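Chemist: for reference, the sequence and a predicted model appear below.
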Amino acid sequence: MIRVWGRRNSLNVQKVMWTLGELDLDYERHDMGGSFGFTDAYRQINPNSVVPAIQDGDLTLYESNSCVRYLSHQYGQGTLLPDDVADAARADQWMDWQCSTLSGAFFPIFINLIRLPAGQQDQGAADRGIRQTAALLQRLELHLEGRDYLLGNNLTMGDIPLACHLYRWFEMDIPRPEMPNLQRYYENLCSRPAYRYHVMIPFGSNVDEWNQEEERNRGIQ
Ligand SMILES: N[C@@H](CCC(=O)N[C@@H](CS)C(=O)NCC(=O)O)C(=O)O
């Protein structure tokens, strides 16, 4: 039984939950972070006071992409973790691109349009984020030509971090340039039950609705 700490509406927690869902693993999720706060016991596991963290046997681990990688290596050889070493490296590359590049462009959009109260929002920062994210996604658009997923025909761990952003990108009330390959990729993701269950969780259109959704998801496994 794998334990996960983290609120259900956190993008970084969703990476881990979706991985568990794809691998059909048993888990127990404990609400942590956001309106649930952080317990001292949790801070012993993740002293950074962010979510997620996981425990599998003797191993406790934080950093969402490391958790996705661990679960894929341990339980997803030949599925989420490609057998071929070069393909595994390509999957790693996309995971790193998400946290080194995409995440920084996307963060100001979500923070300023959803998470902050109206008086504290910085529309200029959100607009810059929208432009930068669209430019980055344009690279994906080119890459996805002729591919169903980032590495080809099958979902791998390389898709997971990045695709968690796409639900928000496609569902937010923001301008989006037309990107047919990205749209097709998103539809492939939406056809996966584990993506729908763990990632496609409504986030509302402002911080009050966000908080209501967070509460609505309390305790849901
Ligand atoms: N690099 C870390 C970042 C974790 C992170 O920033 N998590 C956010 C949620 S997505 C968090 O814990 N925020 C504070 C909170 O939820 O209280 C990871 O990928 O795990």
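Modeler: The structure has been received and is ready for your questions.
Chemist: got the contact list for Ala105?
Modeler: 129, 132-133, 136 (Cβ atoms under 8 Å, 6 or more residues apart in numbering). C-beta: built from backbone N, CA, C; applies to glycine.
Chemist: which SSE is it in?
Modeler: If you go by DSSP states H and E, Ala105 is part of helix 103-110.
Chemist: can you list the buried residues in that helix?
Modeler: Of the residues in helix 103-110, those with enough neighbours to count as buried (16 or more other Cβ atoms under 10 Å) are 103, 105-110.
Chemist: for this structure, which residues are neighbours of the ligand?
Modeler: Residues of the chain lying close to the ligand (Cβ under 6 Å from any ligand atom) are 10-12, 33-34, 50-52, 62-65.
Chemist: and the two most separated of the residues you listed?
Modeler: The largest separation in the residues of the chain next to the ligand, counting by Cβ to Cβ, is between Gly34 and Asn65 at 20.0 Å.
Chemist: so where is this protein shaky, pLDDT-wise?
Modeler: Nowhere does the chain drop to pLDDT under 70.
Chemist: could you chop it up by domain?
Modeler: Following automatic domain parsing, one finds the domains of the chain at 2-79, 85-207.
Chemist: tell me who's in contact with the closest residue to Leu20 other than its chain neighbours.
Modeler: Closest residue to Leu20 apart from its sequence neighbours, by Cβ to Cβ, 6 or more residues apart in numbering: Tyr27 at 4.9 Å. By Cβ under 8 Å, 6+ apart, the contact list for Tyr27 reads 1-4, 17, 20, 221.
Chemist: name the nearest of these relative to Glu209.
Modeler: Nearest member of the contacts of Tyr27 to Glu209, counting by Cβ to Cβ, is Met17, at 21.2 Å.
Chemist: name the SS class of the nearest residue in space to Leu59 that is not next to it in sequence, please.
Modeler: Ranked by Cβ to Cβ, 6+ apart and with sequence neighbours excluded, the top spatial neighbour of Leu59 is Tyr70, at 7.4 Å. Put simply, Tyr70 is helix when judged by DSSP: H, G, I helix; E, B strand; the rest coil.
Chemist: ok, Tyr70 - how many residues close by?
Modeler: With neighbours defined by other Cβ atoms under 10 Å, the count for Tyr70 comes to 19.
Chemist: now swap in Asn211 and tell me
Modeler: With other Cβ under 10 Å as criterion, Asn211 counts 15.
Chemist: so who does the closest residue to it other than its chain neighbours touch?
Modeler: Using Cβ to Cβ, 6+ apart and skipping residues adjacent in sequence, the residue nearest Asn211 is Ser35, 6.3 Å away. Residues in contact with Ser35, defined by Cβ under 8 Å, 6+ apart, are 7, 211, 214-215.
Chemist: doesn't Ser35 fall inside a strand?
Modeler: No: under three-state DSSP, Ser35 falls outside any strand and is assigned helix.
Chemist: where do the strands of this protein begin and end?
Modeler: Applying DSSP state E to the chain gives strands spanning 2-5, 27-30, 53-56, 59-62.
Chemist: on that earlier part again, deepest-packed of the domains of the chain, please.
Modeler: domain 2-79 (a mean of 18; mean count of other Cβ atoms under 10 Å).
Chemist: what is the longest helix anywhere in the chain packed up against?
Modeler: If you go by DSSP state H, the chain has its longest helix at helix 123-143. Judged by 3 or more Cβ pairs under 8 Å, 6 or more residues apart in numbering; DSSP states H and E, helix 123-143 is in contact with helix 103-110, helix 160-171, helix 180-190.
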